[in-house]
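# 3D model of this:
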Amino acid sequence: RVYGCHGLLRNKGGDHMAKNYEELKLSDDFMFGKVMEDGVLCQEVLECLLGKPVGELTEIQPQREYRYAMDGKPIRLDIYTGNGETVYDAEMQNLNHKKPEDYDLPRRSRFYQAVMDTDHLKKNQSYRSLPETNILFICTFDPFRKGLPRYTFRNKCEEMPELALQDHAVKYFFNCTCRSEGMADGIQALYRYIMTGEPLDELTGKLHKAVEAGRRNEKWRGEYMKELLHDDDMREEGRAEERANTEREKANAEREKTRADEQEARADAQEARADAQEARANTQEARADALEARVRELEGIIRNMKQ
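Numbers count the residues shown, from 1 in each chain. Next comes the predicted model:
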């Protein structure tokens, strides 16, 4: 690994370049998670996005990790918080030179929902113990390419749309690129700040000050470097596992090919033996036919001599 003087990390493969720590913005998930540790700011941002009060947040956990099986897929939530009745998961999502479809955000939100529910419901607890959950994807792109500033999903009956499932689970996808008329000034300013880093109102001014202070925070810088090292190691482990899987698949394919070649060789040998047996049978049949013809010929000679 190569480190620059400003906290730049490049992995050994050269295919990933992290930002200088001083360049991080609110749209970068690390800075987003650290800034949102401030309970007041986190509350104000959630209320701005959702357009409703969320109450005092009792716990804020940035980069919360879940893994329920050794071979299960782990997840790491950017911001996990709640107010005692409702749990919020807020995710900052960038394209990173990919297409929106590559992230499969609908299924990802489904998986996050399942993991969060599993974490809350303990043995012998009633399903009524499950809190209301709000999963928020704050996207620096239009996740569904429909031009809406926000996409809100709740489960309901297809046959009777007015019949809601009432499972108390809501998923929000925010399109920070949207500039449509009718958007509240606060949400427009927040979207603009996420996209450009330019503060336009009181809330974005607070966020900007928090980001600037964060860039000077040496403790956060160290955590950022550790996270990059961890992510780099995880990518390398993934590549090593992929290489090992490829080698295993190659070895299995070679074994299968060897077995297939051996079976084909045995089949060819059996076919050759069958051809040889058929040839011997044909020869014997020809000899029998010749003998029968000779017998008939001799019988004819004998009859002629008697006459």
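# Nearest to the spatial middle of the protein, which residue is it?
Against the mean C-alpha coordinate of the chain, by Cα atoms, centre = their mean, the closest residue is Tyr103 at 6.4 Å.
# Could you measure from that one over to Cys178?
Distance, Tyr103 to Cys178, using Cβ to Cβ, to the nearest Å: 18 Å. Every residue, glycine included, has its C-beta placed from N, CA and C.
# does the nearest residue to Phe153 once chain neighbours are set aside sit in a helix or strand, and which one?
If the residues on either side of it in the chain are set aside, Phe153 comes closest to Lys171, at 4.5 Å by Cβ to Cβ, 6 or more residues apart in numbering. In the assignment (DSSP states H and E), Lys171 maps to strand 169-175.
# Sheet partners, orientation included, of that strand?
Using DSSP bridges, the strands paired with strand 169-175 are strand 132-139 (parallel), strand 150-153 (antiparallel).
# Settle this for me: Asn175 is touching Pro149, isn't it.
Yes. At 5.7 Å, Asn175 counts as touching Pro149 under the criterion of Cβ atoms under 8 Å.
# So which of these two has more stuff around it?
Higher neighbour count among Asn175 and Pro149: Asn175, with 23 against 18, using other Cβ atoms under 10 Å.
# buried sites along whichever strand or helix holds Leu46?
Here Leu46 sits within helix 39-50, counting by DSSP H and E. By 16 or more other Cβ atoms under 10 Å, the buried positions in helix 39-50 come out as 41-46, 48-50.
# One more: stretch 137-146?
137-143.
# Do me a favour and average the pLDDT over that stretch.
In this model, stretch 137-146 has a mean pLDDT of 95.
# what about the helices in the stretch 51-200 of the chain?
100-103, 105-120, 185-196 (DSSP state H, counting those that start in this stretch).
# out of these, deepest packed?
helix 185-196 (a mean of 18; mean count of other Cβ atoms under 10 Å).
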